[in-house]
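K.L.:
my questions concern the predicted model and sequence given below.
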Amino acid sequence: MSMNNAPNVFLDPNANRFQVNIINEDHDNNETTQEDVGSDPPHYEETSFTDETHNRLRISYRPGKRELYDNFRQNGEKTEASLHPYDTHSKMYYLQTFGHNTMDPVPKIDYYRNTGSISGNKLNRPSLLEIHEQLAKNIAVSTGSVERVANGESTAGDETAVSKEEENKTGLVKFGWVKGVLVRCMLNIWGVMLFIRLSWIVGQAGIGLGVIVIALSVVVTTLTGISMSAICTNGVVRGGGAYYLISRSLGPEFGGSIGLIFAFANAVAVAMYVVGFAETVVELLKESDTLMVDESNDIRIIGTITVVCLLGISVAGMEWEAKAQVILLIVLLVAIANFFIGTVIPTNTEKKARGFFNYQGSIFAENFGPDFRSGEGFFSVFAIFFPAATGILAGANISGDLKDPQSAIPQGTMLAILITTVTYIAVAICVGSCVVRDATGNVNDTVVPGMSCNGSSACGLGYDFSRCASQPCDYGLMNNFQVMSMVSGFGPLITAGIFSATLSSALASLVSAPKVFQALCKDNVYKGLEFFAKGYGKNNEPIRGYVLTFVIAMAFILIAELNTIAPIISNFFLASYALINFSCFHASYAKSPGWRPAFRYYNMWVSLFGALLCCGVMFVINWWAALITYAIEFFLYIYVTYKKPEVNWGSSTQALYFVNALDSALALTTVEDHVKNFRPQCLALTGAPMVRPALLDITHTFTKNNGLCICCEVYTGPRKLCVKEMNSGMEKKQAWLTKNKRKAFYAAVAADSFRDGVKSLLQASGLGRMKPNTLVIGFKKDWRSAPATQVENYVGIIHDAFDFELGVIIIRISQGFDISQVLQVQEELEKLEQERLALEATIKENDFEEGKRGICGFFKKASSLNISKHETKKESTINTIQSMHVGEFNQRLLEASTQFKKKQGKGTIDIWWLFDDGGLTILIPYILTLRKKWKNCKLRIFTGGKVNRIEEEKLVMASLLSKFRIKFADINIICDINIKPNKESWKFFEEMIEPYRLHESCKDITTAEKLKREAPWKITDAELEAFKEKEPPCGKKRSSV
């Protein structure tokens, strides 16, 4: 194929075949041209599905061709044939494929959107049927349509472009990967742990194990970051952060359970960080002796004021919150730089007395190994440090406010992990190389010549801190949490860094919790939380969620006892990490074709290892908190599973269902059939399931949780109409089965005749061993008056089932099964009711408008109300009459259609087991008695026997049934089954078959042969004579019954 942009081709309706000519109105966006390279094809720019270029096709023009195209575009020289009504490519007014107009659109992202996508409208491609119809009609486009499309007024792509322009005009704030992800993640990971706990961890674990503690924490976060990157790059990411990633990967059950506790954890984390900030402020007030009330109440007061200020920043909008985060990051970076600068500034006597000696090899060697004290160990120290490594989801939590979350989240998160990891390790090594573990703080504790020392590094540097071994000291890595302030060049900057770390983390959590909660509520996973789904302003801010988060944070601030809840919060975050890793593993394991992440540096088994590692870390941090987390998550999972939210996100759980079902079906094919494992697998000819509910109910009674049930429908008539109707109703009818809790499948075929359709179903239904073995069909009630061909088809279907080795169950009820007439009347009544409600709403709206016009309007309103009431009353009377008529006419039919849904009273199920048919006749009634609705029914067996052996026959049948382990209430032996029928029975039998006899013996051979060809299904005299011996029992059976 070649693409030619020559202007004469645009104007020539008889263009050569095998070429595609495209003109795009977006030529102004491409100002550059490419040099002519002779006969080489023109070069085209790459297309992209980003926000700026996803609905455009850019074309590069050769020199001299651009002006010709402009003239063509301005003059509008085109024929009607140059435009087709299905040319829906954005801003494109001419599309010609292979030299002919075509309805087929070129590939475009808008055809692949979800129906409810917020990125743009989903466009529908023309179906094959529409293409065929259009080609048959050969309809040309009207001139008005050409002009509208040429002016850019009617294409779906234009509507999308306009919606995007309006979106840009509203000033929607979107962040890039630096401001939106990198800054937030670094601020969350650089917490107060960096300033007040890292030095203590180095003192306990030593530099070596301290770095291992940091590395182990980073392994967890890095693996989670890799898994998150894979998930983020596998499709569009909306708002909701961790909840969105998990729910779209694993489904609403996992997503809904973790989303709620994750949002709650972020809300409580606000209180944690604010209390940490308040405690630092109270310590400063305590040092200056300026407490307001007491320590606890001062923490509450300062915490309340702080969270109110943070709420104000958040409510002001994401733009202000982002600016505040940048300012806090600058303060934090200055504080960290201040520490590193302080390590190289020469120390003084006071700092030496407190254990700071600048970089010393002896101190590094001494602090390299562990020195666990006060019952601490590696895992307890790890549990204290690990919360410092959390915070990697801070950027993902505002995924809805990112310009390109697919690239921003992986890029920003992984870089943040790298930068913060280097910082933590650098601080740990530096502080471990400069400060000794124990120091007295007394400048007079120097080593005097001739004095014995304990051989520590401090002794070599001229200080004797040996008394710290026998009595507690206040300084050194093990005793002083303010080591970084002492080491830094300017101590107050470290305090400012602590303030920045706490406030930034609190602010990030205050923004994350409402965003995640809003996404959860929008999905309506929990029915009672829709109130919090509403957003306000240009950024759709969850103001209601902010208020709820504020209330939760205030409650925990006022409690001021967070030591118990803190481990649970850490475990909530870890549970989220575990599920993100598991989501990546699960999606890879399901091998769904839709799992195509752009981020390639992941491995499913590494993700699984990350999930297990997160679960293990949960128990290391706090075993009882881990159990509580799992219990809450399990409860929410069960709740969401029970409620079954009506969502379909194409999760990997769905993909795995298919894989497991396929594997099970294949495994089942290797299992040979055995009589003990026989179960009825029914193909029920119900038509549409809702048309014959009673037939479906009785079939479902003995197949539910026991066998396969397929509701079948055959469409006959013109093939195109049948196929169209069949395809449009497939999902609706299967959904009806699911809604009515019927464990059955729906299958439909289009055929020339009803019998041919049933033949196709009998042969092709099922999969592997899961194939129908029993045909369930209703009794043809109108067989006497129906056309002969219908009766022939009905009987032929029964014979076909036997030919294909299926059992046959024919079910008969007095009123028949078909309630289509009732459904049609009900549908009409529902339409009338909807029209009435719409009319009432319109009248009320008009009355409200008139009521605004003063007294005149009031009187008009009163009169119209009287009229409307009269009309409503009249309509309701008509509906009532119609309902009564329908109820009286179809009451019995409606009752019959629901008779198998009701609990059956005490009674008997009569089984006429006259001949050994393989046991299906006795098995089906037995299965019925196992159901709750039929458990009060007893089995009564009727079978043939001899008059002189009634008791013996009963014993034989009872023995047989006991071996089959089937309970029965009574056995009746029909003794006269072999006696010839009486005259009345003979007469009834002959009258019954008379319309279906051929009587060929009474006609000449030519006429008889002709009748046989025309009606091969009719009973011949030879057939009647051959089966004469089988007729008397049938007639006699009727008379005896």
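P.N.:
Yes, it's here.
K.L.:
ok, now which ones touch the nearest residue to Gly251 once chain neighbours are set aside?
P.N.:
Among residues not flanking Gly251 along the chain, Ser651 sits closest, at 3.9 Å (CB to CB, 6 or more residues apart in numbering). Where you see a C-beta, it was placed from the backbone N, CA and C, and this is true even at glycine. Neighbouring residues of Ser651 by CB atoms under 8 Å, 6 or more residues apart in numbering: 247-251.
K.L.:
okay if I get those residues as TSV plus secondary structure?
P.N.:
Listed next are these as TSV, based on DSSP: H, G, I helix; E, B strand; the rest coil:
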residue	secondary structure
Ser247	helix
Arg248	helix
Ser249	helix
Leu250	helix
Gly251	coil
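K.L.:
give me the buried positions along stretch 173-184.
P.N.:
Going by neighbour count (16 or more other CB atoms under 10 Å), the buried part of stretch 173-184 is 173-175, 177, 179-184.
K.L.:
report the two of those residues separated the most.
P.N.:
Val173 and Leu182 (17.2 Å; CB to CB).
K.L.:
phi, psi of the residue nearest to Gly251?
P.N.:
For Ser651, the backbone dihedrals (degrees, to the nearest 10) come out as phi -70, psi 160.
K.L.:
check what pLDDT it gets.
P.N.:
Confidence at Ser651, expressed as pLDDT, is 80.
K.L.:
likewise for Glu295?
P.N.:
pLDDT at Glu295 comes out at 78.
K.L.:
just give me the neighbour total for it.
P.N.:
14 (other CB atoms under 10 Å).
K.L.:
wait, it touches Val282, no?
P.N.:
Yes - using CB atoms under 8 Å, Glu295 is in contact with Val282, at 5.6 Å.
K.L.:
quick one: the residue nearest to Gly251 from Asp523, how far?
P.N.:
13 Å (CB to CB, to the nearest Å).
K.L.:
mutual contacts of those two, please.
P.N.:
Ser247.
K.L.:
all helices of the stretch 801-950 of the chain, in order?
P.N.:
820-851, 855-897, 920-929, 950-963 (DSSP state H, counting those that start in this stretch).
K.L.:
in the protein, mark out all the strands, start to finish.
P.N.:
With DSSP state E as the criterion, the chain has strands at 2-3, 19-24, 92-97, 682-684, 709-716, 745-751, 774-778, 807-811, 907-912, 937-944, 970-974.
K.L.:
including mean neighbour count, could those strands go into TSV?
P.N.:
Output for those, formatted as TSV (neighbours: other CB atoms under 10 Å):
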stretch	mean neighbour count
strand 2-3	10
strand 19-24	18
strand 92-97	22
strand 682-684	26
strand 709-716	23
strand 745-751	20
strand 774-778	23
strand 807-811	17
strand 907-912	15
strand 937-944	18
strand 970-974	17
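K.L.:
for Pro693, find the nearest of the ones you listed.
P.N.:
The nearest among these, by CB to CB, is strand 709-716 at 10.4 Å.
K.L.:
show residues contacting the closest one.
P.N.:
Residues contacting strand 709-716 (CB under 8 Å, 6+ apart): 681-689, 696, 699-700, 703, 722-723, 725-726, 733, 737, 742-754, 757-758, 761, 765-766, 772.
K.L.:
what sits against Ile429?
P.N.:
207, 211.
K.L.:
circling back to that earlier point, out of the buried residues of stretch 173-184, which is nearest to Arg931?
P.N.:
Nearest to Arg931 among the buried residues of stretch 173-184, with distances taken as CB to CB, is Val181, at 57.7 Å.
K.L.:
look up how far Arg784 lies from the closest one.
P.N.:
Applying CB to CB to Val181 and Arg784 gives a distance of 78 Å.
K.L.:
ditto for Asn367
P.N.:
104 Å.
K.L.:
picking that back up, nearest to Val436, out of the strands of the chain?
P.N.:
strand 19-24 (73.1 Å).
K.L.:
more neighbours: Asn367 and Arg784, which one.
P.N.:
Asn367 (28 against 9).
K.L.:
quick revisit: in a markdown table: the buried residues of stretch 173-184, plus distance to Ile258 and pLDDT.
P.N.:
Compiled in a markdown table, the buried residues of stretch 173-184 are given as follows (distance: CB to CB, whole Å; pLDDT from 0 to 100):
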| residue | distance to Ile258 | pLDDT |
| --- | --- | --- |
| Val173 | 28 | 70 |
| Lys174 | 26 | 80 |
| Phe175 | 25 | 82 |
| Trp177 | 25 | 87 |
| Lys179 | 27 | 84 |
| Gly180 | 23 | 84 |
| Val181 | 21 | 88 |
| Leu182 | 25 | 90 |
| Val183 | 25 | 88 |
| Arg184 | 20 | 85 |
